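**Student:** Okay, here's the prediction I keep looking at, along with the sequence it came from:
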Amino acid sequence: MPTKREELEWHDNAYREFRSLVDPIDEPRFEERWLDGRWGVREIVAHLAGWHDQFGTALERMGRGERPSPEGVDWTDVQAWNDHFAHEAQGKSKAEVLRELDEAVARFHANAERLPEDRFGPGKTASRILGENGHFNTHAAQIRGWLARAAA
């Protein structure tokens, strides 16, 4: 069973790897929409920032002894949230959306760090949240595929 520290390290390593992949992408390529004709790197980054922001709040709430989602907030319509995050990124520069991602991930990490060890482990909400937001690898693979197709 991984410890809280190991889970956070896994998340941080995945984040650093993701950033090392997207940092060299120039602004025009960052704006290209190639995923289902609707999303590109900007929308993927905004999506990751948005979920880290939402789940950073969840971890903060858990630290106060509250339920993860605020009253009236429903995260089950994932596509609606993804569309919202992508829409919010329209017109923003690469630097802006990456800054938002950095801030959201830092807050997410700090809130996870504040939770006690016993909140982590198999079936525990904090670990599920950390795992849900650990999908940097999935999106990195999509971006790598796009870059490889473009280079061919």
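**Tutor:** Now that the structure is in, tell me what you want to look at. Given the structure is predicted, the values throughout are model-derived calculations rather than measurements. Numbers count the residues shown, from 1 in each chain.
**Student:** Just the CA coordinates for stretch 23-35, please, in CSV.
**Tutor:** Taking Å, rounded to 0.1, in the frame of the first residue of the first chain, the C-alpha atoms of stretch 23-35 are listed here in CSV:
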residue,chain,number,x,y,z
ASP,A,23,6.9,23.7,-22.2
PRO,A,24,8.7,23.5,-25.5
ILE,A,25,5.5,23.7,-27.6
ASP,A,26,5.3,27.2,-29.2
GLU,A,27,2.3,29.4,-29.0
PRO,A,28,0.9,28.6,-32.5
ARG,A,29,1.1,24.9,-31.9
PHE,A,30,-0.3,25.3,-28.4
GLU,A,31,-3.4,26.9,-30.0
GLU,A,32,-4.0,24.0,-32.6
ARG,A,33,-7.1,21.9,-32.1
TRP,A,34,-6.3,18.4,-33.0
LEU,A,35,-8.1,16.2,-30.4
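**Student:** buried stuff in that stretch?
**Tutor:** Residues of stretch 23-35 classed as buried by neighbour count (16 or more other C-beta atoms under 10 Å): Ile25, Arg29, Phe30, Trp34, Leu35. In short, each C-beta sits where N, CA and C put it, glycine included.
**Student:** any weak-confidence spans in this protein?
**Tutor:** 132-134 (pLDDT under 70).
**Student:** just the helices in it please.
**Tutor:** 4-22, 27-31, 41-63, 78-89, 94-114, 125-132, 136-151 (DSSP state H).
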